[in-house]
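K.L.:
Here you go, sequence then predicted model.
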2 protein chains.
Amino acid sequence: MGLESYQIEKVESVTMADIVEKRLLDYFKKNAFKPGDAIPKELELAEALEVSRNVVREALSRLKMLGMVESRKKRGMVLSEPDIFGGFERVLDPLILEQRTLQDLFELRMVLEMGLADLIFRRKTDDDVAELERIVQKSINQNKASFKVKHEIAFHGKLYAMTGNATIMRFQNLLLPIFEYVVSEEEKLHGIPPISNVGHGDLVEIIKNGTPQEFKEAMRIHLSPHFDRLS
Amino acid sequence: MGLESYQIEKVESVTMADIVEKRLLDYFKKNAFKPGDAIPKELELAEALEVSRNVVREALSRLKMLGMVESRKKRGMVLSEPDIFGGFERVLDPLILEQRTLQDLFELRMVLEMGLADLIFRRKTDDDVAELERIVQKSINQNKASFKVKHEIAFHGKLYAMTGNATIMRFQNLLLPIFEYVVSEEEKLHGIPPISNVGHGDLVEIIKNGTPQEFKEAMRIHLSPHFDRLS
DNA sequence: ATTTGTTATTATGTTCTACATAAGTATTAA
DNA sequence: TTAATACTTATGTAGAACATAATAACAAAT
């Protein structure tokens, strides 16, 4: 019987910086720190935690990356509203992520797209619809591949924008390169997918005069070339 | 006319650690580093970038937090598959995030929920349906608030699990505390929302014998008490 | 010959000291 | 009162030193 069957777990060394980082996060939560609140000085933290200033700085450096802590010379440091997708953004590299994860993110974007309908219908304005029509209009008689990609981004981006939800919009913008990467990898393997029976023009027409239910079904058909290739 | 109308942008001091962090990320991407690849030693990096080892370590500490870099004594450092939601998780504190962001995340989860239908129907198994029924069955005649919350989590969590998408599942698990926070804040202001006309039992029945379209509509109605309170 | 023990080496982990820098604070001069 | 000046302070950066664990090379032992 091999060693592996004992499921011996590898010891991952926890560093001081890991511990201090966690302690700081707990400290902020426990004391209900809010953005704008000043936090103790590096030396005070180092002394209280009984580690060197260096370790404290490594932990703080992490929180600074997330936008959670801001520092200015002499003034000290303050807690601040973090960039919720900051860490996410740095990590979204198709070459680094597992195939499985890329596939998951691909699906995630499709799930989002399908779920947008009710928000869009709740918040759409005439101006929005007019701009969508403009975007579609511009794409007619354009066949270059580079233009098509740009058009895809413009159209779907506008749909997200219409939700009035900046977070969702940011999220989808981050997901986009992954989506395109997965699509292009798919195409290398299985060729260009058939064009959907429902185009952007149809979607706009439904937004204008249709119902959320119709839109959901139309979007499903619009995405079906991708959807049908899922495992 | 006030100064603010000039949109004077505050100078955020860029530190060496910020620069080195970016350089490292670019370096990995440019050279197509993959998980498992060894990366240069701290001292080599420090020398090449002409900064102190300290600065390099602060930047590396950030990447370690994201799971992108792992280090062992003597062996050096290797690139590794990052935890895509690691940074996200650390930052998801209702007390720190803006109200607007919390609201956005609340909506985001609802969008996800609405968009799940096609994935669920594509991948559902008889076992899944049986477990859903079991979960619903257990909830009958239970009225304690604490149990209700647990039941909510179990039921909707199972729906996410049925997508077979670990990333989506993780994402929703992270979003859940935010969702609950927003709901409870809403309830403080406007009281308990009316109970939906579509319950979990109805949803299961549709998953069993219905169509994705029916499920989408049912889910919309199920969530409508929350949805109707959106701005 | 395979295993076991010893030693040397090396890259990260941690600490300490020192100084640079920017931004407040107090003091002084006009 | 205002403006110029020096002082103070907290972060930013650098460099050296040592601790520690993992590895390699080699020697000893059965």
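P.N.:
Perfect, thanks for sending it. Values in this document were obtained by computation on a predicted structure and should not be read as measured data. Numbers count the residues shown, from 1 in each chain, chains lettered A, B, ... in the order given.

K.L.:
Identify the residues contacting A:V91.
P.N.:
By CB atoms under 8 Å, 6 or more residues apart in numbering or on different chains, A:V91 lies in contact with A:97, B:66, B:68, B:82-84, B:86-87. Backbone N, C-alpha and C define where each C-beta goes, glycine included.

K.L.:
Can you pick out the ones from the residues you listed that are in helices?
P.N.:
Counted as lying in helices by DSSP state H, out of the contacts of A:V91, are B:86-87.

K.L.:
So which residues make contact with the longest helix seen in chain A?
P.N.:
In chain A, taking DSSP H as the definition, the longest helix is helix A:166-190. Among residues not part of helix A:166-190, those counted as contacts by CB under 8 Å, 6+ apart are A:84-85, A:88-89, A:92, A:94, A:97, A:102-103, A:105-106, A:108-109, A:112, A:116, A:149, A:153, A:156-157, A:160-161, A:163, A:193, A:226, A:229, B:100-101, B:104-105, B:107-108, B:111.

K.L.:
Try it again at 6 Å.
P.N.:
A:85, A:89, A:92, A:94, A:102, A:105-106, A:109, A:160-161, B:104, B:108 (CB atoms under 6 Å, 6 or more residues apart in numbering or on different chains).

K.L.:
Show me which of those residues are buried.
P.N.:
Buried members of the contacts of helix A:166-190, scored by 16 or more other CB atoms under 10 Å in any protein chain shown, are A:85, A:92, A:94, A:102, A:105-106, A:109, A:160-161, B:104, B:108.

K.L.:
what secondary structure does the residue nearest to A:K34 when sequence neighbours are not counted sit in?
P.N.:
Of all residues beyond its chain neighbours, the one nearest A:K34 is B:L95 (6.3 Å), with distances taken as CB to CB, 6 or more residues apart in numbering or on different chains. What DSSP: H, G, I helix; E, B strand; the rest coil gives for B:L95 is coil.

K.L.:
Show the pLDDT at B:L95.
P.N.:
Predicted confidence (pLDDT) at B:L95: the value is 95.

K.L.:
That one: neighbouring residues, count only.
P.N.:
Applying other CB atoms under 10 Å in any protein chain shown, we find 13 residues neighbouring B:L95.

K.L.:
how close does the closest residue to chain B within chain A get to DNA strand C?
P.N.:
Going by CB to the nearest CB, chain B is nearest to A:G87 of chain A, at 1.6 Å. As judged by CB to the nearest atom of the strand, to the nearest Å, A:G87 and DNA strand C stand 19 Å apart.

K.L.:
out of the contacts of A:V91, who's nearest A:T211?
P.N.:
Nearest to A:T211 among the contacts of A:V91: B:I84, at 35.5 Å, using CB to CB.

K.L.:
Mind pulling up the pLDDT for the closest residue to that closest one other than its chain neighbours?
P.N.:
If the residues on either side of it in the chain are set aside, B:I84 comes closest to A:V91, at 5.4 Å by CB to CB, 6+ apart. Reported pLDDT at A:V91 in the predicted model: 97.

K.L.:
so how far is DNA strand D from A:V91?
P.N.:
When CB to the nearest atom of the strand is applied, the distance between A:V91 and DNA strand D equals 23 Å.

K.L.:
Which residue, other than its chain neighbours, is closest to the residue of chain A closest to chain B?
P.N.:
Of all residues beyond its chain neighbours, the one nearest A:G87 is B:G87 (1.6 Å), with distances taken as CB to CB, 6+ apart.

K.L.:
can you pull the contacts of that neighbour?
P.N.:
When contacts are counted by CB under 6 Å, 6+ apart, B:G87 is found next to A:66, A:87, B:66.

K.L.:
Looking at the contacts of helix A:166-190, point me to the pair that's furthest apart.
P.N.:
In those, the most distant members under the criterion CB to CB are A:P94 and B:D104, with 26.2 Å between them.

K.L.:
Outline the domain layout of chain A.
P.N.:
When chain A is parsed into structural domains using automatic domain parsing, the resulting residue ranges are A:16-79, A:95-227.

K.L.:
Give me the below-cutoff pLDDT ranges for chain A.
P.N.:
Within chain A, the set of residues satisfying pLDDT under 70 comprises A:1-11.
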